[in-house]
Every structure is written in structure tokens, then in C-alpha cells.
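Q: please work out how this folds:
(one chain, ligands or ions: 3)
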Amino acid sequence: MSDSKVYTDYFFDEPVFDLHDGGYIPLEKADFPDKPLNIPAAIKPDKVEGNDVYYTITAQEGETQILPGAKTKTWGYNASLLGQTIILKQGVHYHVHLVNELPEVTTFHWHGLNVTGPIVDGGPHAPVYPGGSRDIDFTLDQPAQTDWIHPHPCPNTARQVWNGLAAAVVVTDTEEAKLPFPRNYGVDDIPIILQDRNYHDNQLDYKADYDVDGTLGKYALVNGTINGVFDVTTQRIRLRILNGSDRREWRLHFDDDHEFTQIASDGGTLPEPVRFTKLMLTCAERAEVIVDFGDKKPGDVVTLMSDDTPIMKFKIGEYAPDNTKLPEHLTTIDAPKVTPGLPVTKTVMSGMDDQVRLDGKLFDMQRIDRKQKIGDTVLWDVVNTNEMDGGMIHPFHMHGCQFLVISRNGKAPYPNEHGWKDTVGVNAGETVRIAVQFTKFGVYMYHCHILEHEDTGMMAQIEAYDPNHEHKYHLLSMDEMNHPSK
Ligand code: C2O
Ligand code: CU
Ligand code: CU
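A: Residues are numbered from 1 along each chain as shown. Ligands and ions are numbered 1, 2, ... in the order given. Below you'll find the model as predicted:
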């Protein structure tokens, strides 16, 4: 599969890009001065005891200088906006104290982490009430990757993310540590959290901007910064790009068509590096890329664009020459064999606007929609029944597992889809076949990751079960989740 081709394609079906939606709001070049790019601080443990590491994550209100003039009221995790980056290491046992200082119920969902559901996973069954807290613990047992945490309360996920809650999670391991990737956090290894917002007298107003098909804003923010500038001090930098938007698709490229190399997808290192000049991410997808600025000299500026709009700049400084070449082969994906004799699971995303459904239904927190035995590897056909003309891409996400993309309408997946993923954009009229295995029993959500679709009810839940250990789950109703006294 390895080739030295440089792809210049977004791969997804152009007729169903978000920019064709009736309610689409294009990004606007922001008429504000450049600012240093915000680099979220790395979280510090409360304590470390051997292999046990303790963190506190507080969802809090704050104020952030985003625009000139008045600060914006925002929410964040241990920060006024977005959150501190949570760095986790394979094999370590984490104890996390989750604190809610917001005026309303929230949850802390670990998007991409293979932790038990529905409680540790932090979906809607794990509410934390205002002034309250919850303690979880888990052993991190998955490879190096870029994940994130975000709220997941029904039906207010979209608004809470819009208000600012989202933080990068960086997982490290010893295998990835041997690869010649930049990994000096904040220097040559930085999160790139992509979001879009509108402001009303410098304030957010989710209601005013709400769109049932996904809320959009005209300003691009990277890590909460409009017109951010990152000072490049090394020849190669690693960007951990996360589409943290409610709805927007990001079609990334540099103004000079500078090439970059994707080294990881949602669930970690790709088997082979993939070279691009263009990269599209649907909601919640991640891509780690390495950009080699060896052809640039100090003073040069390279602008990252989405469609035709500049979103941030890389200002090249003095750097030591670094001619590290990436190996042709990065890692071996240990693909589990599909368990023989099992039918293909079919799941259908349908509709648009308030007509969106998953398998023809709206989400019910007390209904288990499917079951799958842990350890089994099952093919799932994820279908988007929208019209190929006029429909939209629905990004399909599963909790509690990382899956492999087998095919798109029977054809090979995109060249950067040969690694583990937890979110896959499904084009209108398309069936994406994935191979799914759960390793931990629990109840997990699967849903469209356009956050307004999820909140509308384009979501379902699966029980991953262990036939030898019957497990009873207390599944809250949405009413119970939102009203602690009941
Ligand atoms: Cu990003 Cu149900 O999650
Ligand atoms: Cu998730
Ligand atoms: Cu959707």
C-alpha cells in the first residue's frame, strides 16, 4: 500500500459538502489583529503514586479575550476556554476527579478512549450536577493517539461545546515513542482544535445562532484564537488536528499548497505515512500531521486555510536543520479477524433537519438498541440514506471502541483510513463498512457527531456484553439525568 504519491484531493463527495447546505455560513476572513496562537497548558497531576496518577478536571465558567474589546464569557476544563491538554500514558492507572462548577448539569465524555460505559465513558448516564463531582478511574490500555474530552448531556451537548467545553487528550506509548515524530508538547507538537463561532457584542449566543442541521459561525478559531500565529522554531512540527466544531467540515490546505504528511488518525499511528496537500475532517475526526518547513527560511509565513479562508499562520523562525525521514512503514495494525457466522450489522442514518433518525428512531436513554458480544469482531454497514444531491455527510461515531474502515460503497477506503478510527464521515447515499470489536462490557452510544443531530436524537446505544458475566445497568431517563432530585 505504501507509495510516495502526494494526494491533492479531499476525497469526500463534493456535492454533499456542508458549503452546499441552504443554511451554510461561510468562514469570513476575520478583520482583527493577529495574535499568538493559544497553546493549551498541559494538565498537572494532583499526585503520582507509582503507577497511579491523579487528575482533577473542573468544568468551569470564565472569561476569555477572543475579540478586541470586552472579554467573552466562555466555558472550559481547568481553563476559561477549551481546556488543559490531558496527557495519558499507556499502562498507567488514572484516577480522575470530575468537578462541575457550571450552573447546569454536564458530563465528561472521553471521546476515543476505550473505557467502560456508560459511566467512566462519560456519556449521558454519568451526569455531574452543578456544585457536584464524580470520581472515575481506569487503566489506559490503548496505543498512542489524539483523543478529546467534551460534554455529553442530553440534549445540551452542542450548546455546551459551543460555550467552550473541549480539551485535547494526548495518549502516549513506548512504541510510538520510538518513531521519529516531533513530540515536544507546545514546541513542535501542538493541538490544533478547529472551531467556528459568532459573537454578539463579543458574546456567544447559541440560541441566536442555532441551526438544527448544525450550528455554524463565521469566524474560524484555532485553540480558541482568531487569527492565531504560531512561531515555528523547529524544521518539523506535528499538528494534532481535531475537528471540534458542532457542524463545520474543515477543508485544510496551506496557502502555498505546502505538503504535509498524515501519521495518525483517530485511533493512533497509521500503518504508512500519507502525503497530502489537502485534508478534510468531518466533526470529531482527528488527524496528526507532520509539516516539514525545510524549504522555508526565517521570516517566511505559511497560512493554513479552510476552503478560501485563512485560519492561522505559521511564522518560520530560526531552526536547526533536521533531515529526519519518516520510515515507509510506521506500525502494524493488528486487525482482528471477523468472527465467522455472524450477520452484518446494518445501521442507518437518515434525514436532515429535525427529521434526522438513527435506524428510524430517535434516541431513548432507557432503550438498548443492540447488543454485541465482547471479543467478537462484527462487520457493520453504516448507511447514509440522504440524497446524493442535496443530502449531507453524517459523521458516524462509536463509543467504547476503535474500528477499522473496510470499504466505502464496496470500494477501498480513503488513503488515510487504514488505521484505527472512532468517527467516519459517511457520504450521502453511501454505505461504509467497518469492523467493530468491543473489549469491555458496558453500554455505549453510537451517533452522528454533528452535535445538533446528536441532540435531536440521531443516537442509539449498544450493550457490549460478556455472556459469562451478566450485568444490569441502571439507565437514567433524560428527565432523571437533568433533574437530580428525582
Ligand atoms: Cu464525541 Cu458521543 O461523542
Ligand atoms: Cu465519543
Ligand atoms: Cu448527522
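Q: for the residue in the chain that ligand 1 sits nearest to, give me its contacts.
A: In the chain, the residue that lies nearest ligand 1 is His111 (3.5 Å; C-beta to the nearest ligand atom). Yep, even glycine has a C-beta here, placed from its N, CA and C like the rest. Under the criterion of C-beta atoms under 8 Å, 6 or more residues apart in numbering, the neighbours of His111 are Asp147, Trp148, Ile149, His150, Val169, Ala284, His397, His399, Asp422.
Q: am I right that the fourth one is in contact with His109?
A: Yes. Under the contact definition of C-beta atoms under 8 Å, His150 touches His109, with a separation of 5.7 Å.
Q: what lines up beside the longest strand seen in the chain in the sheet?
A: Of all the segments of type strand in the chain, defined by DSSP state E, the longest one is strand 52-64. Strand pairing for strand 52-64, using DSSP bridges, gives strand 47-49 (antiparallel), strand 72-77 (antiparallel), strand 93-100 (parallel).
Q: can you tell me the SS state at the residue in the stretch 201-350 of the chain that ligand 2 sits nearest to?
A: The nearest approach of the stretch 201-350 of the chain to ligand 2 comes at Ala284, 7.2 Å away (C-beta to the ion). Reduced to three states with DSSP: H, G, I helix; E, B strand; the rest coil, the structure at Ala284 is coil.
Q: pretty sure it is in contact with His397, am I right?
A: Yes. The criterion here is C-beta under 8 Å, and Ala284 meets it with His397 at 5.6 Å.
Q: and the helices in the chain, which stretches?
A: With helices called from DSSP state H, the chain shows them at 157-162, 206-209, 451-456, 478-482.
Q: what does the stretch 301-450 of the chain have sitting close to ligand 2?
A: By C-beta under 5 Å from the ion, the residues of the stretch 301-450 of the chain that approach ligand 2 are His399.
Q: could you tell me which residues of the stretch 301-450 of the chain lie near ligand 3?
A: Residues of the stretch 301-450 of the chain found near ligand 3, taking C-beta under 5 Å from the ion as the criterion, are His394, Cys448, Ile450.
Q: anything in stretch 266-277 near ligand 1?
A: No. Stretch 266-277 does not reach ligand 1 (C-beta under 6 Å from any ligand atom); its nearest approach is 10.4 Å.
Q: isn't Tyr319 up against Ile237?
A: No. Taking C-beta under 8 Å as the contact criterion, Tyr319 and Ile237 are not neighbours in contact, 9.6 Å apart.
Q: so what sits against both of these two?
A: Here Tyr319 and Ile237 share the contacting residues Phe293, scored by C-beta under 8 Å, 6+ apart.
Q: more neighbours: those two, which one.
A: Of the pair Tyr319 and Ile237, Ile237 is the one with more neighbours under other C-beta atoms under 10 Å, namely 22 against 18.
Q: just the pLDDT for that one.
A: Here, the pLDDT recorded for Ile237 equals 98.
Q: kindly report the same for Asn323.
A: Looking at Asn323, its pLDDT reads 89.
Q: excluding sequence neighbours, find me the nearest residue to it.
A: When the adjacent residues along the chain are set aside, Asn323 lies closest to Gly294, with 7.2 Å between them (C-beta to C-beta, 6 or more residues apart in numbering).
Q: how about Thr277, what does it touch?
A: Applying C-beta under 8 Å, 6+ apart, one finds that Thr277 lies in contact with Val6, Tyr7, Thr8, His253, Phe254, Asp257, His258, Glu259, Phe260.
Q: 10 Å - rerun?
A: Remark: with contacts taken as C-beta atoms under 10 Å, 6 or more residues apart in numbering, Thr277 is in contact with Val6, Tyr7, Thr8, Asp9, Leu252, His253, Phe254, Asp256, Asp257, His258, Glu259, Phe260.
Q: now the residues you listed in a markdown table, with neighbour count and distance to Val426?
A: Below are the contacts of Thr277 laid out as a markdown table (neighbours: other C-beta atoms under 10 Å; distance: C-beta to C-beta, whole Å):
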| residue | neighbour count | distance to Val426 |
| --- | --- | --- |
| Val6 | 14 | 26 |
| Tyr7 | 18 | 20 |
| Thr8 | 12 | 23 |
| Asp9 | 13 | 18 |
| Leu252 | 24 | 20 |
| His253 | 21 | 23 |
| Phe254 | 16 | 28 |
| Asp256 | 13 | 32 |
| Asp257 | 11 | 28 |
| His258 | 17 | 30 |
| Glu259 | 16 | 28 |
| Phe260 | 24 | 25 |
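Q: I am finished for the moment; much appreciated.
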